[in-house]
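Asker: fold the following and give me the result.
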Amino acid sequence: MGCVSAVPVPQPRTAAGPAAADARGGRRPLAAALLLGALGAAVVLISSGQTWAEGSAAVGGGTLPLAAEGRDITGVPAALAVVGLAALVAVFAVRGAGRRVVSALLALSGAGAALAALLGAGDHAALDAEAARTTGDTAATVSGLSHTAWPYVTSAGGALILLAGVLALGYGRRWPAMSGRYERPGAAAGGARGGARGPRKAPVVDPDRPEDLWKALDRGEDPTRES
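Answerer: Numbers count the residues shown, from 1 in each chain. The predicted structure is shown next:
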């Protein structure tokens, strides 16, 4: 008798390969965008509440130390950080052209926050106003003005939001959307099968059997409704 060698049967290639690879390719940018956007907004909001500028005002025969927080100098970075957070969430609620628009808004909010923080780094108007209010002299100005590093930290946070927006613009088309997530799985498929084979009769639910009640609830049925 001759030897019969087993011939390997080629396995059919799945058509979902490119789509699956494309989805995997979008996961890292998705995670990076979420991390950068959330971290950037947190940095901007926290650093906007820190002291950006310090100085002193002449009062009587001495001086009075003054300080101004970032929000006293400019409220733009904090406001744009909130806009950026909203845009980051909205990216996953829309598709197509709407997603590109929201991604652009995310990038612009980060760029605006970074630019506003840099412009506020050398501002002295807030401390001048504080000096006038403290001394009661509208012509009073602050002296010995100095600035901290917090405006630049705020600008860095805005740059992180900008990077999140750039990632959303470049890879957002691959990311999932929220719509349809909470639809009951199999509802549409069941309806299609019902249309092809006729309506299927719902299983009989025995009210004395807890497992039947749970199965009915899982199917989205009311187990207390009489058939």
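Asker: residues making contact with the longest helix anywhere in the chain?
Answerer: In terms of residue count, the longest helix belonging to the chain (DSSP state H) is helix 96-120. With Cβ atoms under 8 Å, 6 or more residues apart in numbering as the test, helix 96-120 has contacts from 37, 40, 44, 52, 70, 73-74, 76-77, 80-81, 83-84, 87-88, 90-91, 94, 151-152, 154-166, 168-169, 172-173, 175, 177. The C-beta positions use only the backbone N, C-alpha and C, and glycine is treated the same way.
Asker: could you rerun that using 6 Å?
Answerer: Helix 96-120 has contacts (Cβ atoms under 6 Å, 6 or more residues apart in numbering) with 44, 73-74, 76-77, 80-81, 83-84, 87-88, 90-91, 94, 151, 154-155, 158-159, 161-162, 165-166, 168-169, 172.
Asker: below-threshold pLDDT in this protein: ranges please.
Answerer: Where the chain drops to pLDDT under 70, the residues are 1-26, 139, 178-214, 216-227.
Asker: as a check, name the ranges of all strands in it.
Answerer: 51-59, 62-69, 143-147 (DSSP state E).
Asker: which one of the ones you listed is the most hemmed in?
Answerer: strand 51-59 (a mean of 20; mean count of other Cβ atoms under 10 Å).
Asker: output stretch 152-165 as CSV, nothing but the C-alphas.
Answerer: The C-alpha coordinates for stretch 152-165 follow below in CSV (Å, rounded to 0.1, in the frame of the first residue of the first chain):
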residue,chain,number,x,y,z
TYR,A,152,4.5,78.9,30.9
VAL,A,153,3.1,75.8,32.6
THR,A,154,-0.3,76.9,31.6
SER,A,155,0.9,77.4,28.0
ALA,A,156,2.4,73.8,28.1
GLY,A,157,-1.0,72.5,29.1
GLY,A,158,-2.6,74.3,26.2
ALA,A,159,0.0,72.7,23.9
LEU,A,160,-1.1,69.3,25.1
ILE,A,161,-4.7,70.1,24.2
LEU,A,162,-3.5,71.2,20.8
LEU,A,163,-1.7,67.9,20.3
ALA,A,164,-4.9,66.0,21.2
GLY,A,165,-6.8,68.0,18.6
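Asker: check which residues of it are buried.
Answerer: Going by neighbour count (16 or more other Cβ atoms under 10 Å), the buried part of stretch 152-165 is 152-155, 157-165.
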